[in-house]
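>>> Have a look at this prediction, sequence included:
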Amino acid sequence: MIEFKDYMISDRLGNVCKVLIVGSGKGGVGKSTLTVILGLRLRDIGMKVGILDIDLHGASIPFILGWNTNTTVKAVRGGFKPVEVHGIKIMSLRMFVGDRPTPLRGERKSEVLKYMLSLTIWDSLDYLLVDLPPGMSDELLTLVKYVKGEHVVITLPTKTSVDVTTRYVKFLKSLNSNILAVIVNNLMNVAISDEVLIKGFQEDMPTSNYLVIPYIHDVEEYLLKGVTPKKAVDVIDKIIRA
Amino acid sequence: MHEYSIAEGIVLTIKKLREVNNLNVVSEAVLSIGSLAQIDKDVLLELLKILSTEYGLGHVNFLVEDEESMFKCNYCGFSWSWSQVKDRIMRELCEDVKDCDNPVHFIPDLINVFMGCPKCGSQDFKILSGYDVKLISVKGVRND
């Protein structure tokens, strides 16, 4: 059997200049929030941006950006067009399933992702941001098989989060992936212990690659309105320049 | 409209295979269409014919095999086919619109989101066969 979707993926991403993959391994650390802030900042500086939400069980990018999740995707000649929200093109499973739960096992998830990759018509983009689910399962494995991108890793400043994220970084390194930065999301607004971070990552990342994103009050309100929080701009610009 | 995407994907793949395998002519391609994909076979064949010409493949004889979609519940072990439940599921997906564009037509693997086991209701079931359009084989004549 010949897998025709495989051949379509490279064709569909042919006009995408740069792919940034936002992941962690750990859940609840702010991957989707960081992805959206990154997208808004890139939009602000005049870049054409798309976000591919591949958190198949917990797709939240449309919700964060205030898109009406009852709207379903429509087929166009050659595939599906992403929807545009606040000047960012987004594609998410939410556009297919709405508010329904998505009880999908491994192989089904890989196939769903391959469909999303092979049928989404992005046209030309300066940046495609990919929002990963937690873990190192089918979504990540399928993505890295088909898409060459650079990685942005995010963790909380806690021992548990750093422990899980360190293993995620090790996995990316085993693939010779380029990690642009490790972002420490200080969403608890606490004093960050360098010891926790340096000990956790010392073998896998040079410490100069850590960037701390400060606590942002009402971050959800900013993103819902499509506004880049000012407090995040410095960190985001460093990621973009990395 | 979705048939166009499938046809384009198949023709692009055949074109790539022709280059990789140094084929002068592609004479035949065999496809299998799973019933779950709800593909209009006549429309697909017509589009394959048009796109083969557009992409410079010339005349390719497309042979299509129909494959019934079969399921098995991971929870209670019950097995069933798409034809047994199709009318009910399609009514739920499309309401009164005949053959509507729906998520399962676009991505057949999403059937677990929209259907449960007819016996126990669990959405945790395997798709045993016939969930997709597959390119089974391509025949041609080499340049050398």
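Now that the structure is in, tell me what you want to look at. Note that the coordinates shown come from a computational prediction; the quantities given were computed from them, not determined experimentally.
>>> what's the closest non-adjacent residue to residue A:91?
Closest residue to residue A:91 apart from its sequence neighbours, by CB to CB, 6 or more residues apart in numbering or on different chains: residue A:82 at 4.3 Å. For the C-beta atoms, the positions are set from N, CA and C on the backbone; glycine is no exception.
>>> Neighbours of that neighbour, how many?
Using other CB atoms under 10 Å in any protein chain shown, residue A:82 has 21 other residues around it.
>>> Contacts only, for it.
The contact partners of residue A:82, taken as CB atoms under 8 Å, 6 or more residues apart in numbering or on different chains, are A:50, A:89-91, A:120-122.
>>> what's the most distant pair in the residues you listed?
A:90 and A:121 (13.2 Å; CB to CB).
>>> who's more crowded, the two?
Between residue A:90 and residue A:121, counted using other CB under 10 Å, residue A:90 has the larger neighbour count: 25 against 16.
>>> before we move on, the earlier item: reformat the contacts of residue A:82 as TSV; add pLDDT and secondary structure.
Converted to TSV, these look like this (pLDDT from 0 to 100; DSSP: H, G, I helix; E, B strand; the rest coil):
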residue	pLDDT	secondary structure
A:50	98	strand
A:89	96	strand
A:90	95	strand
A:91	96	strand
A:120	94	strand
A:121	93	coil
A:122	93	coil
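>>> Of those residues, just the buried ones, PyMOL syntax please.
Buried members of the contacts of residue A:82, defined by 16 or more other CB atoms under 10 Å in any protein chain shown, are picked up in PyMOL with:
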select buried, chain A and resi 50+89+90+91+120+121+122
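>>> Settle this for me: residue B:92 is touching residue B:116, isn't it.
No - Residue B:92 lies out of contact with residue B:116 (CB atoms under 8 Å); the separation is 10.9 Å.
>>> after the strand ranked longest in chain B comes which helix or strand?
In chain B, assigned by DSSP state E, the strand with the most residues is strand B:23-34. Using DSSP states H and E, the helix or strand that follows strand B:23-34 in sequence is helix B:41-54.
>>> returning to that earlier point: buried residues in the longest strand of chain B?
In strand B:23-34, counting by 16+ other CB under 10 Å, buried: B:23, B:26, B:29, B:31-34.
>>> all helices for chain A, in order.
Ranges of helices in chain A, per DSSP state H, are A:4-12, A:31-44, A:61-64, A:94-97, A:106-119, A:138-146, A:159-174, A:194-201, A:219-224, A:233-241.
>>> what comes into contact with the helix or strand residue B:19 falls within?
Using DSSP H and E, residue B:19 maps to helix B:2-20. Contacts with helix B:2-20, where a contact means CB under 8 Å, 6+ apart, come from A:2, A:4-8, A:11, A:75, A:77-79, A:118-119, B:23, B:26, B:29, B:31, B:39-40, B:43-44, B:47-48, B:51-52, B:54-57, B:60, B:101, B:105-106, B:133, B:135, B:138, B:140.
>>> Taking the residues you listed, please make a PyMOL selection of just the buried ones.
To isolate the buried members of these in PyMOL, using 16+ other CB under 10 Å:
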select buried, (chain A and resi 2+4+5+6+7+8+75+78+79+118+119) or (chain B and resi 23+26+29+31+39+44+47+48+51+52+57+60+101+105+106+133+135+138+140)
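>>> lowest-confidence helix or strand of chain A?
helix A:194-201 (a mean of 68; mean pLDDT, DSSP states H and E).
>>> Closest one of the buried residues of strand B:23-34 to chain A?
Proximity to chain A was ranked across these by CB to the nearest CB; first place goes to residue B:32, at 8.3 Å.
>>> Pull up the residues of chain A that are close to chain B.
Contact residues (CB under 8 Å from any CB of the partner chain) of chain A with chain B: A:1-8, A:11, A:72-80, A:96-97, A:100-105, A:108, A:111-112, A:115-116, A:118-119.
>>> Let's see the pLDDT reported for residue 107.
No chain in the question, so chain A it is. On pLDDT, residue A:107 comes in at 88.
>>> Correction: the question concerned chain B.
pLDDT, read off for residue B:107, is 94.
>>> right, and it touches residue A:113 too?
No - under the criterion of CB under 8 Å, residue B:107 is not in contact with residue A:113, lying 9.8 Å apart.
>>> before we move on, back to that, which one of residue B:92 and residue B:116 is surrounded by more residues?
Legend: neighbour count by other CB under 10 Å for residue B:92 and residue B:116, higher for residue B:116 (17 against 11).
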